[in-house]
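[1] task: produce atomic coordinates for the following.
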Amino acid sequence: MRLLLATSTLLAVITATTSAAQYKNYTEFDLFKNTGFIPCPVNTKTTNDASITDFAASRWVTTQEQVCRYMAGTPVIIPTTPSQTAFFPWYPTYLLQAVSLSLSYLGLWLTLRSMIKQQGTSSVRIPRLFWIQLPFDGVRIIAFLFKAIHGFADEKRLAWINVLLWLLPFTYVFITLLAAQEQSTSRQYIYTPTPQGLEFQTADHPEHKIQPATEVQALSPTQMKAWNGIPTRSKVILISSILATILLLTFSLATTIEHWQFRWASPSTALDKQTYIPIPDAVSNPSTLGQLPDTCLAYLTSDTLQHTEFFHQDSERKAFAVITTLQLVFSLLSLSAIFRGNKMTLSRSSQVLITNAAITCLGLLIPAFAVGMLIVKEKGAVLRFTNDPGVTGGCTFAFLGMKREVGYWDVPYEFGFRVAMSFFGAA
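    Sure thing, here's the model as predicted:
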């Protein structure tokens with residue numbers, strides 16, 4: 001009886017010391033993220049769960065009891081910092097991107113309608129709305145390139161960029177081409193009373209059809225003259241849009257491949273691909289985690305844990321890698337539809353705009369619905385833990401992922417930056 005009482009007292013002291021030390025040296029977010037869980041007491045069950053065969057296992061947990069159930073022996077929560085990859089684009093991110101980008105495509109559609117109405121007049125003007133939204137869409141591209149380049153410079157910053165964004169500058173290429181053509185030929189329209197003209201009519205002469213001079217033999221300009229007739233700012237927008245399309249598509253392809261590389265990298269070379277990164281002091285100086293058995297300290301300081309797949313979230317990362325790949329493939333299919341057949345600039349511009357807008361919205365709304373249903377089905381947070389106390393010195397090492405019910409928008413960590421990137425449709 002006395003031995004049992006002494007053992008209980010000792011376990012209580014160890015638990016209290018460990019909990020106090022954890023909260024003293026690390027923040028609640030370092031330890032428990034946005035879950036609201038607390039440290040578990042020492043578990044007298046010192047054997048691993050026979051139903052789990054992997055050394056490092058993952059389980060969805062929604063209650064404190066579920067957390068402690070898997071923490072055999074001395075429980076040790078390792079404080080971690082989420083990498084950018086850990087912020088998976090759940091439904092709030094996809095929805096905000098879809099709404100934001102749909103406004104840009106709506107603006108381009110209104111621009112296209114305005115130029116169609118002006119066709120046949122002596123002066124075609126690009127509507128003011130185009131010039132208002134152009135700087136905002138330019139910021140989108142800058143934000144995308146910042147996130148993509150930053151991710152390749154520091155793999156811990158590799159984010160889930162929006163691989164559909166390249167369709168926006170691609171649309172600008174055709175809208176700008178149409179505007180430039182209309183402006184350069186607006187004073188070369190001639191009237192013909194024949195019924196073989198185009199379907200556009202002027203307001204002053206509704207009985208007349210009009211034909212662009214590019215289709216009239218006497219007024220057909222050479223390609224060089226046509227390029228020289230394009231206003232300078234239209235040339236700048238056109239060239240910038242082409243370069244932006246190439247850059248965004250290239251980075252989208254490269255980032256998609258990079259997100260798959262975590263599946264191929266060996267644990268010893270995958271330290272930079274960790275979804276959650278252990279805080280250095282927790283590994284280099286385990287005494288900051290509290291009063292732990294010497295055997296546990298020895299295992300943690302051996303650096304063995306870091307050279308395993310322990311700090312990865314393979315299931316979610318694979319799921320979003322699949323989503324990103326499908327989005328990119330879906331967007332590339334638009335090229336085959338756009339360049340099919342011999343179309344006039346107006347027809348092709350309209351097709352590009354409608355196709356790209358549909359692909360972008362569907363490519364974001366469908367995943368938003370799918371991952372939203374997944375969250376409804378499986379709530380809580382991921383507990384990643386070691387499952388062999390005999391190897392880890394009688395301790396169970398674990399870390400908690402973030403709860404995802406509101407898409408990490410309840411996580412203060414880089415909150416404003418993450419929302420801004422979603423609003424710009426970049427990541």
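[2] I'd like to know how many residues surround residue 54.
    By the criterion of other CB atoms under 10 Å, residue 54 has 10 neighbours. In short, each C-beta sits where N, CA and C put it, glycine included.
[3] give me the pLDDT for the nearest residue to it once chain neighbours are set aside.
    Nearest residue to residue 54 in three dimensions, chain neighbours excluded: residue 387, at 6.5 Å (CB to CB, 6 or more residues apart in numbering). On the pLDDT scale, residue 387 is placed at 86.
[4] surely residue 387 touches residue 52?
    Yes - with contact defined as CB atoms under 8 Å, residue 387 reaches residue 52; the gap is 5.0 Å.
[5] pLDDT (mean, whole number) over the top helix by length along the chain?
    Scanning the chain for the longest helix, with DSSP state H as the assignment, gives helix 345-377. Averaged over helix 345-377, pLDDT sits at 89.
[6] one step back: count of residues packed around the residue nearest to residue 54?
    If you count neighbours by other CB under 10 Å, residue 387 ends up with 22.
[7] and the gap between it and residue 86?
    22 Å (CB to CB, to the nearest Å).
[8] before we move on, what about residue 159?
    10 Å.
[9] among those two, which residue is more densely surrounded?
    residue 86 (23 against 20).
[10] hmm, the more buried one is touching residue 311, no?
    No - using CB under 8 Å, residue 86 is not in contact with residue 311, being 10.1 Å away.
[11] joint contacts of the two?
    275-276 (CB atoms under 8 Å, 6 or more residues apart in numbering).
[12] any weak-confidence spans in the stretch 201-350 of the chain?
    Residue ranges of the stretch 201-350 of the chain with pLDDT under 70: 201-230, 262-273, 313, 337-345.
[13] cutoff 80 now
    201-231, 261-274, 283-284, 287, 290, 303-309, 311-315, 334-347 (pLDDT under 80).
[14] now do the stretch 51-200 of the chain
    If you take pLDDT under 80 as the line, the stretch 51-200 of the chain has these spans: 51-54, 118-124, 154-157, 180-200.
[15] so where do the strands sit in this protein?
    In the chain, the strands defined using DSSP state E lie at 56-61, 74-77, 80-82, 190-192, 209-211, 276-278, 381-386, 395-400.
[16] need those in a markdown table (columns: distance to residue 254 and mean neighbour count).
    Formatted as a markdown table, the strands of the chain follow (distance: least, CB to CB, whole Å; neighbours: other CB atoms under 10 Å):
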| stretch | distance to residue 254 | mean neighbour count |
| --- | --- | --- |
| strand 56-61 | 28 | 18 |
| strand 74-77 | 36 | 26 |
| strand 80-82 | 23 | 20 |
| strand 190-192 | 50 | 14 |
| strand 209-211 | 46 | 19 |
| strand 276-278 | 22 | 20 |
| strand 381-386 | 28 | 24 |
| strand 395-400 | 29 | 24 |
